[in-house]
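Colleague: give me coordinates for this.
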Amino acid sequence: MTRHFNFCAGPAALPTAVLERARDELLDYHGRGLSVMEMSHRAPEYVAIAEKAEADLRELLAIPANYRVLFTQGGATQQFAAVPYNLLGQGGSANFVHTGIWAQKAIKEARHLFGGVHLAASSEANRHTAVPRPEEIALSADAAYLHYTANETIGGLEFDYIPGSEGGGPRRPDGSEVPLVCDMSSSILCGPLDVSKFGVIYAGAQKNIGPAGLVVVIVRDDLLDRARADMPTLFGYKALSEAGSMINTPATYSWYLAGLVFEWLKEEVGGLEAMGEINARKASKLYAAIDGSDLYSNPISVANRSRMNVPFVLADDRLDKAFLEEAEAIGLLNLKGHRSVGGMRASLYNAVPEVAVDTLIDFMADFEQRHG
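Modeller: Numbering: from 1, shown residues only. Alright, predicted model coming up:
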């Protein structure tokens with residue numbers, strides 16, 4: 001069997017060690033004579049799996065004791081609705097920083113459900129090539145929270161700061177503080193993070209956590225009682241917390257695989273500081289190759305270039321088809337850019353090994369020599 005290098009933006013690569021362990025445990029989990037996929041979520045063995053996954057995630061991110069960790073379903077897209085349902089129960093409006101397609105989707109859903117939202121800042125004027133600076137973010141007087149997308153998977157735009165963190169948190173014009181909400185789907189676990197700066201963090205699993213369908217939500221205790229009365233039960237952070245994320249049958253196998261990824265990060269990688277160093281090195285190499293080329297280019301401001309998603313275009317787009325075909329022929333998979341922006345995109349998530357990036361860079365140089 002040959003494992004190729006997978007640069008897919010999501011569902012993304014999983015660590016080979018995790019897949020091998022899951023394979024070995026697939027038919028018979030620890031002598032129980034059944035698969036984790038067949039196990040009741042109420043069984044003591046499964047409860048132990050779930051509790052260990054949460055404990056390992058808490059350790060990796062140093063999550064403070066006054067935060068709940070939820071393993072729920074529907075991916076990040078469901079959280080576009082769940083967040084306003086959970087935080088607008090005391091009135092006020094949802095405030096957003098617009099930096100690209102995923103931020104826009106969150107804005108659209110909040111507006112669809114609850115009418116007016118406030119755009120606190122936007123990078124539309126620069127075509128989403130640089131994030132708004134801290135002084136450009138202006139909350140409304142009735143802001144209930146500020147939402148931003150830490151890393152735009154499609155555009156390859158990443159925040160180089162945490163909004164509001166310089167003053168203890170985002171603030172309304174009168175100086176009062178509001179919770180910071182972050183969609184961290186494509187950047188969570190890529191390096192160290194100060195969770196205490198946030199009110200809510202949510203992340204779809206299919207980038208750095210595990211398989212698609214699962215979503216992790218980290219929510220501060222004091223926000224659990226701000227929900228709207230008309231909220232669907234399965235959206236409720238408080239209800240999910242009280243039920244141990246098991247109001248209904250959870251995505252048990254995805255949760256189990258996420259736990260294996262957390263173990264891999266702790267025991268084989270050495271934690272998030274080590275992971276962050278590896279990711280910085282991978283991204284730096286690829287951007288250097290792009291910047292040093294006459295064929296390839298990346299439009300994003302250097303300060304806001306994503307560590308996880310590297311889009312680039314060829315100077316002659318007639319070469320795109322040949323580039324993708326030749327790349328796939330040598331095992332470099334899923335490099336086609338998103339249909340909305342075209343070109344190429346290499347996603348460098350945690351499970352993408354450094355040798356994959358080195359191989360891509362070598363291929364790019366060879367392709368340019370032959371076609372440039």
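Colleague: going by C-alpha atoms from here, please, whenever you check contacts or count neighbours.
Modeller: Noted.
Colleague: just to check, Arg220 is in contact with Ala65?
Modeller: No. Counting by C-alpha atoms under 8 Å, Arg220 sits too far from Ala65 to count as a contact (9.1 Å).
Colleague: and these two? which has more neighbours close in?
Modeller: Using other C-alpha atoms under 10 Å as the criterion, Arg220 and Ala65 rank with Arg220 on top: 20 against 9.
Colleague: how close does the spatially closest residue to His4 that is not a sequence neighbour sit to Cys8?
Modeller: Once flanking residues are discounted, His4 sits nearest to Gly331: 4.8 Å by C-alpha to C-alpha, 6 or more residues apart in numbering. For Gly331, the distance to Cys8 equals 13 Å [C-alpha to C-alpha, to the nearest Å].
Colleague: with neighbour numbers in mind, choose between the two.
Modeller: The neighbour comparison of Gly331 against Cys8 (other C-alpha under 10 Å) goes to Cys8, with 22 against 16.
Colleague: tell me the SS of the more buried one?
Modeller: What DSSP: H, G, I helix; E, B strand; the rest coil gives for Cys8 is coil.
Colleague: quick check: it touching Leu333?
Modeller: Yes. Using C-alpha under 8 Å, Cys8 makes contact with Leu333 at a distance of 7.2 Å.
Colleague: domain assignment for the protein?
Modeller: Per automatic domain parsing, the structural domains of the chain span 17-267, 271-371.
Colleague: please, where are all the helices along the stretch 1-150 of the chain?
Modeller: Using DSSP state H, counting those that start in this stretch, the helices of the stretch 1-150 of the chain run over 16-25, 44-61, 75-87, 101-114.
Colleague: which residue ranges of the stretch 151-300 of the chain form strands?
Modeller: 151-152, 157-158, 180-183, 200-204, 214-220, 296-297 (DSSP state E, counting those that start in this stretch).
Colleague: residues in contact with stretch 213-230?
Modeller: 66-76, 85-90, 198-206, 236-238, 251, 254-255 (C-alpha atoms under 8 Å, 6 or more residues apart in numbering).
Colleague: in ChimeraX, select just the buried ones from the residues you listed.
Modeller: To isolate the buried subset of the contacts of stretch 213-230 in ChimeraX, counting by 16 or more other C-alpha atoms under 10 Å, use the following:
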select :67,68,69,70,71,72,73,75,76,85,86,87,88,89,198,199,200,201,202,203,204,205,206,236,237,238,251,254,255
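Colleague: so for stretch 43-54, mean pLDDT?
Modeller: Throughout stretch 43-54, pLDDT has a mean value of 97.
Colleague: oh, that last question was meant for stretch 170-189, not what I typed.
Modeller: In this model, stretch 170-189 has an average pLDDT of 96.
Colleague: give me the spatial nearest neighbour of Ala82, chain neighbours excluded.
Modeller: Phe235 (5.3 Å).
Colleague: which residues touch that neighbour?
Modeller: Per C-alpha under 8 Å, 6+ apart, neighbours of Phe235: 82, 85-86.
Colleague: can you put the residues you listed in TSV and add distance to Ala143 and pLDDT?
Modeller: TSV is the format used below for the contacts of Phe235 (distance: C-alpha to C-alpha, whole Å; pLDDT from 0 to 100):
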residue	distance to Ala143	pLDDT
Ala82	17	98
Tyr85	14	98
Asn86	14	98
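Colleague: quickly list what Phe96 is bridged to.
Modeller: Beta bridges link Phe96 to Leu119, His147 when assigned by DSSP bridges.
Colleague: surely it touches Ala120?
Modeller: Yes. Using C-alpha under 8 Å, Phe96 is in contact with Ala120, at 5.5 Å.
Colleague: give me the more crowded residue out of those two.
Modeller: The residue with more neighbours, out of Phe96 and Ala120, is Phe96; 27 against 20, by other C-alpha under 10 Å.
Colleague: distance check, that one against Thr153.
Modeller: From Phe96 across to Thr153, the span is 17 Å (C-alpha to C-alpha).
Colleague: give me the low-pLDDT residue ranges for the stretch 1-150 of the chain?
Modeller: Applying pLDDT under 70 to the stretch 1-150 of the chain picks out residues 1.
Colleague: repeat that for 50
Modeller: The stretch 1-150 of the chain contains no residues with pLDDT under 50.
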